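J.: This is the structure alone, sequence omitted:
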Ligand code: ASP
């Protein structure tokens with residue numbers, strides 16, 4: 001009898017300690033919907049409200065997964081799916097147009113527990129490319145699949161493919177027409193594709209979506225999804241599906257999702273560089289993020305921004321552009337939604 005009482009007390013104690021530990025574990029999520037020339041003067045109050053409401057919906061959906069004890073990977077995909085399904089952002093529905101007037105989508109995801117990663121590049125018929133990136137990570141022996149092969153893999157996984165015109169939106173088409181007009185005007189002066197593309201304003205080169213999260217088990221994850229760059233040609237692939245450039249997560253350091261002029265983010269290995277500074281130089285995520293986005297990228301014209309979360313649930317969202325669609329929420333900070341530098 002005495003032993004039973006003792007055992008019950010012990011069990012109660014163990015359960016409450018476990019519960020307390022679990023509920024005291026920090027959870028956090030941050031999302032972005034692209035960085036660029038985003039200024040208040042471009043928005044009516046209604047439009048601004050609509051963007052903010054969508055960002056809030058996405059961050060709350062991801063946070064709900066975390067607060068119910070779900071995995072950071074699932075929080076990341078839950079938030080990204082909402083942004084992919086919205087025509088406001090350059091990912092999924094609303095993706096920018098290629099030069100040939102279609103859409104080619106890129107996405108990647110990374111698990112901070114074990115550095116598992118999955119990515120897809122140049123897919124044309126996948127409604128939510130981030131989900132396929134996750135399937136590549138979990139159900140293939142590869143990290144990145146591209147184009148038709150990626151879609152064949154999707155079919156095998158039971159995806160129903162969508163028509164490429166599912167991604168169409170009138171405003172993105174307008175941007176393509178403007179971009180092509182500018183390119184053609186410049187073409188008279190140079191046939192150099194690189195110079196031509198560099199002459200396009202940065203606003204044609206940004207607008208991706210992404211999420212980073214920390215779950216109750218202390219696991220980090222990051223994901224990014226995009227339509228890439230307006231008027232891209234020749235199968236161009238940006239940083240978003242490249243592990244280390246647009247997406248990175250490692251429980252040893254941090255989780256990062258990037259948005260911006262992809263060519264720079266690839267060359268400077270931005271997401272991994274930020275986490276390396278955290279891991280090897282003992283920098284905070286705010287310091288490391290500011291260094292790479294502000295000190296390394298800005299002077300060379302590498303426009304964009306990142307969202308970062310660490311294992312303590314700290315969040316940093318540095319950018320070197322006029323604005324970045326962003327939102328965050330953690331167990332120690334309320335929902336934050338912003339567009340401009342404020
Ligand atoms: N980084 C993306 C790319 O270069 C674009 C963006 O973030 O908007 O494809």
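T.: Okay, I see it. This one's a predicted model, so the numbers in the text were calculated from it and none came from an experiment. Residues are numbered from 1 along each chain as shown.

J.: The stretch 201-342 of the chain against the ligand: which residues are in contact?
T.: When proximity is defined as Cβ under 6 Å from any ligand atom, the stretch 201-342 of the chain approaches the ligand at 206-208, 226, 228-229, 238-240, 259-260, 262. All C-beta spots, glycine's among them, are computed from the backbone N, C-alpha and C.

J.: and those residues, which of them are in helices?
T.: Counting by DSSP state H, those place residue 262 in helices.

J.: Turn the residues of the stretch 201-342 of the chain next to the ligand into CSV, including neighbour count.
T.: Listed next are these as CSV, based on neighbours: other Cβ atoms under 10 Å:
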residue, neighbour count
206, 26
207, 28
208, 34
226, 32
228, 28
229, 24
238, 26
239, 31
240, 34
259, 35
260, 31
262, 29
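
J.: With pLDDT as added columns, please give the residues of the stretch 201-342 of the chain next to the ligand in JSON lines.
T.: Converted to JSON lines, those look like this (pLDDT from 0 to 100):
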{"residue": "206", "pLDDT": "61"}
{"residue": "207", "pLDDT": "76"}
{"residue": "208", "pLDDT": "94"}
{"residue": "226", "pLDDT": "98"}
{"residue": "228", "pLDDT": "96"}
{"residue": "229", "pLDDT": "94"}
{"residue": "238", "pLDDT": "96"}
{"residue": "239", "pLDDT": "97"}
{"residue": "240", "pLDDT": "98"}
{"residue": "259", "pLDDT": "97"}
{"residue": "260", "pLDDT": "95"}
{"residue": "262", "pLDDT": "94"}
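
J.: from the residues of the stretch 201-342 of the chain next to the ligand, which two are the most distant?
T.: Based on Cβ to Cβ, the longest span within those runs between 207 and 239 and measures 13.1 Å.

J.: tell me which residues in stretch 327-342 are buried?
T.: 327-331, 336-337, 339 (16 or more other Cβ atoms under 10 Å).

J.: for stretch 153-162, same thing?
T.: Those would be 153-154, 159, for stretch 153-162 by 16+ other Cβ under 10 Å.

J.: mean confidence for stretch 139-152?
T.: Averaging pLDDT along stretch 139-152 yields 98.

J.: From one end of it to the other, what's the distance?
T.: 14 Å (Cα to Cα, to the nearest Å).

J.: residues in contact with that stretch?
T.: For stretch 139-152, the external contacting residues (Cβ atoms under 8 Å, 6 or more residues apart in numbering) are 108, 117-126, 132, 136-137, 153, 157, 161, 235, 237, 241, 243.

J.: about what we covered before: which pair in the buried residues of stretch 327-342 spans the largest distance?
T.: 331 and 339 (24.6 Å).

J.: Now do the contacts for the residue in the stretch 101-250 of the chain positioned nearest to the ligand.
T.: Here the stretch 101-250 of the chain gets closest to the ligand at one residue, residue 238, 2.3 Å apart by Cβ to the nearest ligand atom. Residues in contact with residue 238 (Cβ under 8 Å, 6+ apart) are 106, 226, 228-229, 232, 246, 262-263, 265-266.

J.: 10 Å - rerun?
T.: With contact taken as Cβ atoms under 10 Å, 6 or more residues apart in numbering, residue 238 is in contact with 106, 121, 205, 208, 224, 226-229, 232, 245-246, 258-263, 265-266.

J.: Centroid-nearest residue for the protein?
T.: By Cα atoms, centre = their mean, the chain has its centre lying nearest to residue 210, at 1.7 Å.

J.: From residue 270, how far out is that residue?
T.: Look at residue 210 and residue 270: by Cβ to Cβ, to the nearest Å, they are 12 Å apart.

J.: Out of the residues of the stretch 201-342 of the chain next to the ligand, which is nearest to residue 91?
T.: Nearest to residue 91 among these is residue 226, at 5.2 Å by Cβ to Cβ.

J.: what's the nearest residue to the closest one if we skip its chain neighbours?
T.: residue 208 (3.8 Å; Cβ to Cβ, 6 or more residues apart in numbering).

J.: Can you show me the strands along this protein?
T.: For the chain, the strands defined by DSSP state E occupy 28-36, 105-111, 116-123, 144-146, 209-214, 220-226, 247-249, 254-260, 304-310, 315-316, 323-330, 333-340.

J.: Output these in CSV, with distance to residue 295 appended to each entry.
T.: Converted to CSV, those look like this (distance: least, Cβ to Cβ, whole Å):
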stretch, distance to residue 295
strand 28-36, 17
strand 105-111, 25
strand 116-123, 27
strand 144-146, 30
strand 209-214, 21
strand 220-226, 22
strand 247-249, 19
strand 254-260, 15
strand 304-310, 14
strand 315-316, 15
strand 323-330, 18
strand 333-340, 22
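
J.: hey, where'd the helices end up in the stretch 1-150 of the chain?
T.: 2-24, 45-67, 72-85, 129-139, 147-156 (DSSP state H, counting those that start in this stretch).

J.: Residue 239 contacts residue 272, correct?
T.: No: counting by Cβ atoms under 10 Å, residue 239 does not reach residue 272; the two are 11.0 Å apart.
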